[in-house]
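Student: Have a look at this fold, sequence not included:
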Ligand SMILES: Nc1ncnc2c1ncn2[C@@H]1O[C@H](COP(=O)(O)OP(=O)(O)OP(=O)(O)O)[C@@H](O)[C@H]1O
């Protein structure tokens with residue numbers, strides 16, 4: 001079956017440093033796939049190669065079997081690749097609802113059609129509120145993003161990504177910076193997502209990874225060290241030696 005997102009021999013260097021070393025990767029339809037690995041393994045770089053923020057030195061990126069290797073980031077978003085960043089990328093001086101409405105308006109083209117705040121139109125607001133309910137942040141819809149606790153900001157970021165109706169969602173440490181007693185909330189919400197959205201996420205918290213992921217790819221030194229189910233990864237001796245330690249047996 002065609003993968004939602006696939007890379008073939010993806011290769012990228014920064015000067016002499018190889019940061020993506022011939023990565024062959026498949027994100028299957030409906031996947032809940034984690035990308036893990038030590039600091040500097042090349043995880044964010046890999047996501048940047050998928051979104052088009054970075055160009056590969058060699059290799060291919062396919063979306064539903066179509067070669068998008070040289071498509072610009074905006075074209076990839078339109079084609080269905082949504083992402084969140086490790087660092088918050090929100091309009092802090094707009095309300096939560098405005099942020100999400102803007103994203104939906106961008107998708108529908110409404111933002112270019114009207115002079116007034118087009119993103120405040122009825123259908124767009126309805127869709128935005130539905131998303132905020134789904135993510136359990138409807139109660140803060142009229143708050144400025146800058147006034148929210150960090151965990152909620154991360155959820156707003158996910159709402160913005162979803163406003164673009166992606167078929168693939170790339171999450172770079174969605175719970176980063178969120179207090180550990182709250183980080184599970186983000187994954188609880190992700191667990192409720194419909195399966196027509198394929199998710200690839202970077203996460204350092206192994207408890208969250210093993211709870212949420214159905215498949216795990218371990219990167220080290222820019223190359224795929226191993227890929228498998230959570231059980232296979234847990235039991236893999238190389239992964240235990242290089243990355244996990246012995247605490248996840
Ligand atoms: N723009 C850049 N120019 C030069 N080197 C870079 C650049 N971006 C990343 N690197 C280097 O590439 C390597 C991979 O970085 P990357 O951020 O992809 O790793 P990572 O696995 O996401 O790490 P972390 O878990 O710490 O976020 C690192 O050695 C990093 O220093």
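Tutor: The structure has been received and is ready for your questions. Quantities reported herein were computed from a predicted structural model and do not represent experimental measurements.

Student: which residue packs closest to residue 52, ignoring adjacent ones?
Tutor: residue 73 (4.0 Å; C-beta to C-beta, 6 or more residues apart in numbering). Where C-beta positions appear, they are placed from N, C-alpha and C, glycine not excepted.

Student: Next: residue 146.
Tutor: Counting by C-beta to C-beta, 6+ apart, residue 146 lies nearest to residue 92, which is 3.8 Å off, once chain neighbours are set aside.

Student: per-residue confidence for the one you found?
Tutor: Predicted confidence (pLDDT) for residue 92: 73.

Student: And residue 4, by the same measure?
Tutor: 95.

Student: Please report how far residue 121 lies from the ligand.
Tutor: For residue 121, the distance to the ligand equals 39 Å [C-beta to the nearest ligand atom, to the nearest Å].

Student: Please apply the same query to residue 158.
Tutor: From residue 158 to the ligand the distance is 19 Å (C-beta to the nearest ligand atom).

Student: Contact residues of this protein facing the ligand?
Tutor: 14, 17, 19, 37, 39, 40, 41, 42, 43, 44, 45 (C-beta under 6 Å from any ligand atom).

Student: Tell me the secondary structure at the last one.
Tutor: Look at residue 45: counting by DSSP: H, G, I helix; E, B strand; the rest coil, its state is helix.

Student: helix/strand/coil for the closest residue to it other than its chain neighbours?
Tutor: Nearest residue to residue 45 in three dimensions, chain neighbours excluded: residue 19, at 4.5 Å (C-beta to C-beta, 6+ apart). Assigned with three-state DSSP, residue 19 falls in the strand class.

Student: List the contacts of residue 19.
Tutor: 12, 13, 42, 45, 222 (C-beta atoms under 8 Å, 6 or more residues apart in numbering).

Student: before we move on, the earlier item: for PyMOL, write a command that selects the buried ones of the residues of the chain next to the ligand.
Tutor: Remark: buried members of the residues of the chain next to the ligand, expressed as a PyMOL selection using 16 or more other C-beta atoms under 10 Å:
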select buried, resi 19+37+41+42+43+44+45
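
Student: still on that earlier bit, distance check, the residue nearest to residue 146 against residue 204.
Tutor: According to C-beta to C-beta, to the nearest Å, residue 92 stands 25 Å off from residue 204.

Student: How about residue 21?
Tutor: For residue 21 relative to residue 204 (C-beta to C-beta), the value is 21 Å.

Student: Which of the two has more residues huddled nearby?
Tutor: Between residue 21 and residue 204, counted using other C-beta atoms under 10 Å, the more crowded position is residue 21 (17 against 14).

Student: The more buried one reaches residue 9, doesn't it?
Tutor: No - if you go by C-beta atoms under 8 Å, residue 21 and residue 9 don't touch, sitting 9.6 Å apart.

Student: rewinding a little: pretty sure the residue nearest to residue 52 contacts residue 50?
Tutor: No - in this structure, residue 73 is not within contact of residue 50 by C-beta under 8 Å, at 10.1 Å.

Student: Which one's more surrounded, these two?
Tutor: For residue 73 and residue 50, the more surrounded residue by other C-beta under 10 Å is residue 50, and the numbers stand at 25 against 14.

Student: Contacts only, for the more buried one.
Tutor: Taking C-beta under 8 Å, 6+ apart as the test, what residue 50 contacts is 5, 7, 61, 81, 170, 200.

Student: Can you tell me the number of residues neighbouring the fifth one?
Tutor: If I follow you right, that is residue 170. Counted with other C-beta under 10 Å, residue 170 comes out at 24.
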